[in-house]
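*Asks:* The sequence and its predicted three-dimensional model are supplied below.
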Amino acid sequence: MQKVLNTIQNVPYRSSQLVMKQVAQVLKLPVPPVLKGPGMVRRFPEIIKLSGVTKILVVTDKPLYALGLLDSFLCALETNGIDAVVFDKVQPNPTFENVEDGLAMYYSTNCNGVVAFGGGSPLDCAKVIAAKVTNRKSIEKMRGLYKLTRKLPPFFAIPTTSGTGSEATICAVITDVKNHEKFSINDPKLVPMATVLDPELTAGLPPSLTATTGMDALTHAVEAYIGHYDTAFVKEKALNATEIIINNLEDCYHNGQDLDLRLKMAQASFDGGLAFTRAYVGYVHAFAHAMGGFYGVPHGLANAIILPTILDFSRKAAEKKLAELAFYSGLGEAMYDDETLAGLFIEKIKSMNAGMGIPTTIYALKAYDIPELAKRILKEANPTYPVPRIMHYQECCDLLQQLCPETSFSD
């Protein structure tokens, strides 16, 4: 009986997704121009200058600023006649308060442009700051799809990790501390005017962060590819990102100073961002957003842990596409059937996680929170995410139990 009820419930979800797929196929989303290569961050102000910006808010975090990673960029801004105002109060999982503080600095110092310098948190925070400059509405009212009515001031992105792909996406994720919730703002106006992929900026990443950001990028590519909104463009970018990460992330984890590997990972992150911003994500992200909102678990780490569990759940429904990802990544032979290839792909991800010290459970997840978390996860995901297999409440609870240290070994 439950299976019949689930099938009935799936009908409106799939109907909604069918409509959105038609929209996604005709929607034109911008692809930001990219300055790419070692040392290119020092040339990036030449690009920024073309926009007419004379004073720019640089949004970053304290660790990056203290390391001196911004120094050469700030000097290059000065050389190009652009004054810089540094806002370094962004915290992991940026909050409404971070945005309001940055916005106040933008106004008080008379800036006329914004550049994000950092990982996913500074990029997301900078996007929302820039959006607030020209869109006089609360952050809550920006939530969801296409809620911005006016274009941003000149906005640029300088990623220092290879994971979020935010430099290529229409998305910004923000944390509502009061409600213990993370949500996304999605609008083409959030795509930067230009970005730079400089491997020198990521060469100093610690191995653990290299691992989790890399698996974050893989999650973007895989969820975009196996979902129902895949187009030729999405498939191309997702396949390219997946192949690069499967075959280079572990080497990059062990050899972080290799600039060729770092540049490959930056390209994979960018391509993964291009893919998922057009095809959307899936349950991995819904689970990860819940972990971030409830417990402050870093997004990349959460994605890395959750990805194999969700792929196991979706295996039969996504078997053909998982097999394609495996074959394109060189994990099997053409003679192998789809079931075998799909299994090889999932096992490869589990092996990569284990080899890079990524755990199989979410350290912060508490068993007594599972009922509420399941409700929040499904509220976010159904019917918005075009997943290969639709998840229902009890299935969600069961998967959370697998990911919970208190219950994962009870079966």
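*Replies:* Nice, thanks for sending it over. Residues are numbered from 1 along each chain as shown.
*Asks:* Pull the number of nearby residues for the closest residue to Ile139 other than its chain neighbours.
*Replies:* Once flanking residues are discounted, Ile139 sits nearest to Phe96: 5.4 Å by C-beta to C-beta, 6 or more residues apart in numbering. Placement of C-beta: from N, CA and C, glycine included. Close neighbours of Phe96, defined as other C-beta atoms under 10 Å, add up to 16.
*Asks:* do Ser162 as well
*Replies:* As a burial measure, Ser162 scores 33 neighbours (other C-beta under 10 Å).
*Asks:* what's the answer for Glu250, then?
*Replies:* Burial of Glu250 is recorded as 17 neighbouring residues (other C-beta under 10 Å).
*Asks:* Am I right that Ala172 is in a helix?
*Replies:* No - according to DSSP: H, G, I helix; E, B strand; the rest coil, Ala172 belongs to no helix; its state is strand.
*Asks:* Could you tell me which residues make contact with the nearest residue to it once chain neighbours are set aside?
*Replies:* Excluding its sequence neighbours, the residue lying closest to Ala172 (C-beta to C-beta, 6+ apart) is Lys127, at 3.9 Å. By C-beta atoms under 8 Å, 6 or more residues apart in numbering, the contact set of Lys127 is 116, 152, 155, 166, 172, 185, 190.
*Asks:* Mind checking which of the residues you listed are buried?
*Replies:* Burial by neighbour count, judged by 16 or more other C-beta atoms under 10 Å, picks out 116, 152, 155, 166, 172, 185, 190 from these.
*Asks:* Which ones among those residues map onto strands?
*Replies:* The strands, defined by DSSP state E, take in 116, 155, 172, 185 from these.
*Asks:* I figured Ile226 was touching Ala318, is that so?
*Replies:* Yes - between Ile226 and Ala318 there is a contact under C-beta atoms under 8 Å: 4.2 Å.
*Asks:* list residues touching both of those two?
*Replies:* Common neighbours of Ile226 and Ala318 (criterion: C-beta under 8 Å, 6+ apart): Pro388.
*Asks:* gap between the residue nearest to Ala172 and Asp187?
*Replies:* Remark: distance between Lys127 and Asp187 (C-beta to C-beta, to the nearest Å) = 9 Å.
*Asks:* Centroid-nearest residue for the chain?
*Replies:* Closest to where the C-alpha atoms of the chain average out (C-alpha atoms, centre = their mean) is Thr164, at 3.5 Å.
*Asks:* how's the protein carved up into domains?
*Replies:* Here the domain parsing of the chain from automatic domain parsing is 2-27+205-403, 34-201.
*Asks:* Quickly, which of these bottoms out on average pLDDT?
*Replies:* Among the domains of the chain, domain 2-27+205-403 carries the lowest mean pLDDT, a mean of 92.
*Asks:* Check the offset of that one from the chain's centre.
*Replies:* 11 Å (C-alpha atoms, centre = their mean, to the nearest Å).
*Asks:* ditto for stretch 87-96
*Replies:* The chain centroid and the centroid of stretch 87-96 are separated by 16 Å under C-alpha atoms, centre = their mean.
*Asks:* okay, how far is it across it, tip to tip?
*Replies:* Using C-alpha to C-alpha, to the nearest Å, the end-to-end distance of stretch 87-96 comes to 15 Å.
*Asks:* Kindly report the same for stretch 163-180.
*Replies:* Stretch 163-180 has its terminal residues 24 Å apart, counting by C-alpha to C-alpha.
*Asks:* Which residues in that stretch does the neighbour count mark as buried?
*Replies:* 163-175, 180.
*Asks:* Likewise for stretch 107-118?
*Replies:* In stretch 107-118, residues buried by neighbour count (16+ other C-beta under 10 Å) are 111-118.
*Asks:* quick revisit: how about the ones in strands among the buried ones among the contacts of Lys127 in JSON lines, adding distance to Lys237?
*Replies:* Shown next, in JSON lines, are those (distance: C-beta to C-beta, whole Å):
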{"residue": "Ala116", "distance to Lys237": "21"}
{"residue": "Phe155", "distance to Lys237": "22"}
{"residue": "Ala172", "distance to Lys237": "20"}
{"residue": "Ile185", "distance to Lys237": "22"}
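*Asks:* Can I get the buried residues of stretch 107-118 in TSV including distance to Glu200?
*Replies:* Shown next, in TSV, are those (distance: C-beta to C-beta, whole Å):
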residue	distance to Glu200
Cys111	26
Asn112	28
Gly113	23
Val114	23
Val115	17
Ala116	17
Phe117	13
Gly118	15
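*Asks:* Thanks again, I'm all set now.
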